[in-house]
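**Q** I would like to see how this sequence folds:
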Amino acid sequence: MNFIDRAITSEFERRLQPNKVLLILGARRVGKTQFLKRYIERQTDKAILTLNGEDVNDVALLQERSVKNYRSLLENIDMLVIDEAQAIDHIGLILKLIVDEVDGMTVVVTGSSMFDLSNKLGEPLVGRKHTMFLFPLAQLELNEVENRKETNDNLTMRLLYGSYPEVEFIRAVEDKQAYLFEMVNDYLLKDILTYQEIKKSAKIYDLLRLIAYQVGSEVSLNELGNQLQVSKNTVESYLDLLTKVFVLYKVEGFSKNLRKEVTKSSKWYFVDNGIRNAIINDFSPIHLRNDIGMLWENYLVTERIKKQHYQRIRRRNHFWRTYDQQEIDWIEEAADKLDAFEFTWSAQKKKKTPPAFSKAYPDAEFTVISKNNYLPFIT
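**A** Okay, here's the model as predicted:
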């Protein structure tokens, strides 16, 4: 298994348009560069110029912001590809000039930092761009290269080591661990730590460790601030940045009818189980762990979010809890439909719809997701 076709392929090709920018966002090392290399290799009838935003020589080619420069640079070129574009100053203004003034030019841009790219691209490229997201490998992608037995056999490994593309290709567990430790230390927060306002990097790592032990539980910003000895506002700011560089997901409480429903707190999930386990330095086998519930819930949430994005399923995601401790792990809200899901690793554990939820939302569907029936939920 040397390469896995990515789920964004058909949508990517559909959205490629002359004089538009197609932006691919995702965490570092999820395969953005490899995806584009594979695409470029198949375009034997197109002239494609590829630049890297972290290569000073490539960046120098773009720094003279003039129509003359860009027309000269892109003469006889059909497509411009810029990898790691968040590293380029004024990238939004550069791309605006290119798509406005170089007729027929198709532009593809990748970035690992949403907060950075959004600030630089937002206003200059209004009406001129499409945005797509790439995640660590999804089970719906892995289904193309493994059968059901292999999927079942690989499940516990993915709960421990996640599904970054390179992790999937590594066989020895010691090498998987080494790769994930390198990811955490050298790549995970690279964009945040180069951000000029971040000065206490150790606090961000400490915050991630605290979140790692509270996966699937509501998080108090005041409590986190007290533990870290920083303000609640600082914690909130760090968490916001961590979502924007694709390390964490935020899920808020759901409420429509009951005064006693919890709505002000949030839950946080890691984009990848392997990253979560590397942060707490724990790759113990499943049968020795006391956090299997957290691993299972984090895995299901991340895989479900990948499915929603790739299959264009429009849902608002929440959790549900009342102040008297009735709760449901996962709520999906659509305009005319409400679905509730409870996650349990053991299929033997019987769970029923909480009475308060049934009474408040009698038309909602309730499903228990266990290791015996999880695949349709995520694929």
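**Q** Only C-alpha atoms from now on, for both contacts and neighbour counts.
**A** Fine.
**Q** where does the stretch 201-350 of the chain dip in pLDDT?
**A** For the stretch 201-350 of the chain, the stretches flagged by pLDDT under 70 are 257-259, 261, 263.
**Q** Which residue ranges of the stretch 51-200 of the chain form helices?
**A** 56-60, 67-73, 91-101, 114-121, 139-142, 148-161, 165-169, 173-182, 190-193 (DSSP state H, counting those that start in this stretch).
**Q** per-stretch mean pLDDT over those helices, give me the minimum one.
**A** Here the lowest mean pLDDT among the helices of the stretch 51-200 of the chain goes to helix 114-121, at a mean of 70.
**Q** Show me the longest helix that occurs in this structure.
**A** In terms of residue count, the longest helix belonging to the chain (DSSP state H) is helix 292-310.
**Q** Output the contacting helices and strands for it.
**A** Packing contacts for helix 292-310, counted by 3 or more CA pairs under 8 Å, 6 or more residues apart in numbering; DSSP states H and E, involve helix 148-161, strand 266-270, helix 273-279, helix 375-378.
**Q** so the helix or strand just after that helix versus strand 266-270, what angle?
**A** Sequence-wise, the next helix or strand downstream of helix 292-310 (DSSP states H and E) is strand 316-321. Orientation note: strand 316-321 sits at an angle of 120 degrees relative to strand 266-270 (axes from the mean of the first three to the mean of the last three CA atoms, to 10 degrees).
**Q** Just the CA trace of strand 316-321, in PDB.
**A** Presented in PDB, the C-alpha positions along strand 316-321 are these (Å, rounded to 0.1, in the frame of the first residue of the first chain):
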ATOM      1  CA  ARG A 316     -24.500  21.000  13.000                       C
ATOM      2  CA  ASN A 317     -22.700  18.800  15.600                       C
ATOM      3  CA  HIS A 318     -23.300  19.000  19.300                       C
ATOM      4  CA  PHE A 319     -23.400  17.000  22.500                       C
ATOM      5  CA  TRP A 320     -26.400  17.100  24.900                       C
ATOM      6  CA  ARG A 321     -26.600  17.100  28.700                       C
END
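**Q** Show me the strands paired with that strand, marking each as parallel or antiparallel.
**A** According to DSSP bridges, strand 316-321 forms sheet pairs with strand 248-253 (parallel), strand 327-334 (antiparallel).
**Q** Leaving out the residues flanking it, which one is nearest to Leu188?
**A** Arg28 (7.0 Å; CA to CA, 6 or more residues apart in numbering).
**Q** where's that neighbour relative to Arg314, distance?
**A** According to CA to CA, to the nearest Å, Arg28 stands 25 Å off from Arg314.
**Q** Which one of these two is surrounded by more residues?
**A** Arg28 (24 against 12; other CA atoms under 10 Å).
**Q** what's near enough to touch that one?
**A** Ser112, Tyr187, Leu188 (CA atoms under 8 Å, 6 or more residues apart in numbering).
**Q** and what of His130?
**A** Per CA under 8 Å, 6+ apart, neighbours of His130: Arg15, Lys20, Val21, Leu22, Leu23.
**Q** of those residues, buried ones?
**A** Among the contacts of His130, those that count as buried by neighbour count (16 or more other CA atoms under 10 Å) are Lys20, Val21, Leu22, Leu23.
**Q** Sort out which of the residues you listed are in strands and list them.
**A** Per DSSP state E, strands hold the following members of the buried ones among the contacts of His130: Val21, Leu22, Leu23.
**Q** quick one: which of these is nearest to Arg42?
**A** The closest of these to Arg42 turns out to be Leu22 (CA to CA; 18.2 Å).
**Q** Now do the same for the helix or strand harbouring Lys37: mean pLDDT, whole number.
**A** With secondary structure defined by DSSP H and E, Lys37 is part of helix 32-42. Averaged across helix 32-42, the pLDDT comes to 94.
**Q** how far does that helix sit from the chain's center?
**A** Its chain's C-alpha centre and that of helix 32-42 lie 20 Å apart, by CA atoms, centre = their mean, to the nearest Å.
**Q** Check stretch 222-235 too.
**A** Using CA atoms, centre = their mean, the offset of stretch 222-235 from its chain centre is 25 Å.
**Q** how much space between Gly162 and Phe319?
**A** With CA to CA as the criterion, Gly162 and Phe319 are 23 Å apart.
**Q** Pick the one among the contacts of Arg28 closest to Glu101.
**A** Among these, and counting by CA to CA, the member closest to Glu101 is Ser112, at 26.9 Å.
**Q** burial measure for that closest one, as a count.
**A** For Ser112, the neighbour count with other CA under 10 Å is 27.
**Q** Who are the contact partners of it?
**A** Leu25, Gly26, Ala27, Arg28, Glu84, Gln86, Asp191, Val245, Phe246.
**Q** and if we set it to 6 Å?
**A** Leu25, Gly26, Ala27, Arg28 (CA atoms under 6 Å, 6 or more residues apart in numbering).
**Q** Tabulate the ones in strands among the buried ones among the contacts of His130 (TSV), appending pLDDT.
**A** Formatted as TSV, those follow (pLDDT from 0 to 100):
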residue	pLDDT
Val21	95
Leu22	96
Leu23	94
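**Q** ok, back up a step: now pLDDT, distance to Glu11 and secondary structure too, for the contacts of Ser112, in a markdown table please.
**A** Below are the contacts of Ser112 laid out as a markdown table (pLDDT from 0 to 100; distance: CA to CA, whole Å; DSSP: H, G, I helix; E, B strand; the rest coil):
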| residue | pLDDT | distance to Glu11 | secondary structure |
| --- | --- | --- | --- |
| Leu25 | 93 | 14 | strand |
| Gly26 | 93 | 16 | coil |
| Ala27 | 91 | 19 | coil |
| Arg28 | 90 | 21 | coil |
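**Q** Narrow those to those that are buried.
**A** Leu25, Gly26, Ala27, Arg28.
**Q** pretty sure the second one is touching Leu137, no?
**A** No: proximity of Gly26 to Leu137 does not meet the contact threshold set by CA atoms under 6 Å, at 11.6 Å.
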